[in-house]
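S.K.: Next input, structure requested:
(4 chains)
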Number of protein chains: 2
Amino acid sequence: MNPQQRTSAKRMADTQRQRLEAREEAILIAATRLFGESGVDGARMAEIAKRAAVAEGTVYLYYKTKHDLLEAVVDRFWRELTTGARQAITPSETVSTQLRELATYHLRSLIDDFKIVDITSRARQWHSKPSRELPQIREYVRVFDDIMQRGIQSGELEASTPIWQIRDVFYGTLEHSARTLVIRNQPIDMGVIDNLLDLFDQYRVVSLNDTDEQGSKRAVLQALEKIEQQVARW
Amino acid sequence: MNPQQRTSAKRMADTQRQRLEAREEAILIAATRLFGESGVDGARMAEIAKRAAVAEGTVYLYYKTKHDLLEAVVDRFWRELTTGARQAITPSETVSTQLRELATYHLRSLIDDFKIVDITSRARQWHSKPSRELPQIREYVRVFDDIMQRGIQSGELEASTPIWQIRDVFYGTLEHSARTLVIRNQPIDMGVIDNLLDLFDQYRVVSLNDTDEQGSKRAVLQALEKIEQQVARW
DNA sequence: ATAAATAATGAGTCATACTCAGCAAAACTA
DNA sequence: TAGTTTTGCTGAGTATGACTCATTATTTAT
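M.R.: Below is the predicted model of the structure:
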């Protein structure tokens, strides 16, 4: 085989690979659309194939089952969300502002693409197998963790509460709020984000000085109540 | 028709109605079990019928479709959860304690019956129809609202944040935390509840300002007294 | 140009949610 | 209590839609 031929063959192989990837992408997009329109159960594999301009059997060359396809759709969605979230955050900003940026982006996305978000839970369920977290969601969640980590390292945030608990407050609240808003057919409500971030003040390191009399008292009170809770347990 | 006969007929009608209800209940229980074991897609209508000791066709006399049955299962679950939650709350206790009781009960239930909780989202989805809240969940949520309402009326809680936003923090956080714990195969973690209730302090009307020095002191004193009471008990 | 390997097709298979004609039991009538 | 009507139950049968695979088409290798 001379170099000329090898180059040619390689280029061909490349375009072929691109063709395959384009086909896979087309199927994924068609599935995303139809799942959104008709729900997972309402979506017919035949229709997905038709919209992707392939034969029904072809879909099965790329995705072994309907559930596999569903997983791929959901995975892709969260991957794109991760990219979007990272872009929505201003690197130079304070931790608190970054959290606000992330919260806003997240809530808006959840509302806009609520159908896909709703379908996410389906992807986690596979017959009797235990519910697991999808890899791409774990990746998405890291965007939050990174911000928090930075806050802790800079001394802006206290590190006494496990980060996963704070994370669950953050994402749990936003997801629930998104559902509430969608069900009520309301647009994004910044009040939700203001409220959430007010709560997050609690994780801020506040020093007990004269200039913050209220904060001091609150801190003392909270400390006492924590003791009370501990004692109450035993 | 003499009274004797009417009574007899009525009694028969009653026992007949009971029989029907027992059958319906049997189907519901069989479905709950199997949905939990095998997931919604893994559960076969034939198997549900078999476990309920009825013919497959009979199931369809009580529930028009599998999805209907699913809805009934989920509805029943949340109805029982509502009863349990109301029982878990001590009427004479403070708002803050009641919230803790509810949070603990809720988190524990979510973890114990995670399978059914996970299935709840399926009941909301019906092909392309928009996601809606199930009636019984709306009822369940009232347990929380009632506590909050009482807190606002007694002046213990401030009313500036819309109650639904606070509710979303509460349930959203607990649901997310439950998922985290289940996925990690961990038992209930009281830290989650402590953290959540610490956050809820923000909604408490604590007059920690100059103009109400007494109120501040009273709050601190009350906290100390609670500790004293707890310690006295042990 | 030809063979080998890889990709695509869609008619056919199979599992299962759901139906319905026939049967059984209960309720009513006299 | 026998006959009649009404109500409830049954499970074999149907329709649908996910998935398969023998065949055909396209690409790669020589």
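S.K.: Against residue A:169, how distant is the nearest residue to residue A:37 once chain neighbours are set aside?
M.R.: Nearest non-adjacent residue to residue A:37, counting by CB to CB, 6 or more residues apart in numbering or on different chains: residue B:128, 5.9 Å away. C-beta here means a position set from N, CA and C on the backbone, and glycine is covered the same way. Distance of residue B:128 to residue A:169, given as CB to CB, to the nearest Å: 33 Å.
S.K.: And these two? Which one has more around it.
M.R.: residue A:169 (26 against 14; other CB atoms under 10 Å in any protein chain shown).
S.K.: how about the residue nearest the centre of chain A, secondary structure?
M.R.: What sits nearest the mean C-alpha location of chain A, by CA atoms, centre = their mean, is residue A:140, with 4.8 Å. Three-state call for residue A:140 (DSSP: H, G, I helix; E, B strand; the rest coil): helix.
S.K.: In contact with it: list those residues for me.
M.R.: A:78, A:81, A:82, A:85 (CB atoms under 8 Å, 6 or more residues apart in numbering or on different chains).
S.K.: Retrieve the pLDDT associated with it.
M.R.: Residue A:140 is assigned 98 on the pLDDT scale.
S.K.: separation between it and residue A:120?
M.R.: Distance of residue A:140 to residue A:120, given as CB to CB: 11 Å.
S.K.: anything in contact with each of the two?
M.R.: Common contacts of residue A:140 and residue A:120 (CB under 8 Å, 6+ apart): residue A:78.
S.K.: Select the helix or strand of chain A having the lowest average pLDDT value.
M.R.: Ranked by mean pLDDT, DSSP states H and E, the weakest helix or strand in chain A is helix A:213-233, scoring a mean of 66.
S.K.: so which helix or strand takes in residue A:87?
M.R.: Element membership for residue A:87, per DSSP states H and E: helix A:66-88.
S.K.: Share the number of residues neighbouring residue A:142, please.
M.R.: Residue A:142 is flanked by 15 other residues according to other CB under 10 Å.
S.K.: Pop out the phi and psi values for the residue lying closest to residue A:27 once chain neighbours are set aside.
M.R.: Leaving aside its sequence neighbours, residue A:27 sits nearest to residue A:52 (CB to CB, 6+ apart; 4.4 Å). Torsion angles at residue A:52 (phi, psi; degrees, to the nearest 10) stand at phi -90, psi 0.
S.K.: ok, back up a step: next, the contact list for the residue nearest to residue A:37, please.
M.R.: The neighbours of residue B:128, taking CB under 8 Å, 6+ apart as the test, are A:37, A:38, A:39, A:42.
S.K.: what residues does stretch A:101-112 touch?
M.R.: With contact meaning CB under 8 Å, 6+ apart, stretch A:101-112 is reached by A:81, A:84-85, A:88-90, A:93, A:117, A:143-144, A:147, A:170-171, A:174-175, A:177-178, A:181-182, A:187-188, A:190, A:192-193, A:196-197.
S.K.: so how far is residue A:30 from residue A:57?
M.R.: Applying CB to CB to residue A:57 and residue A:30 gives a distance of 15 Å.
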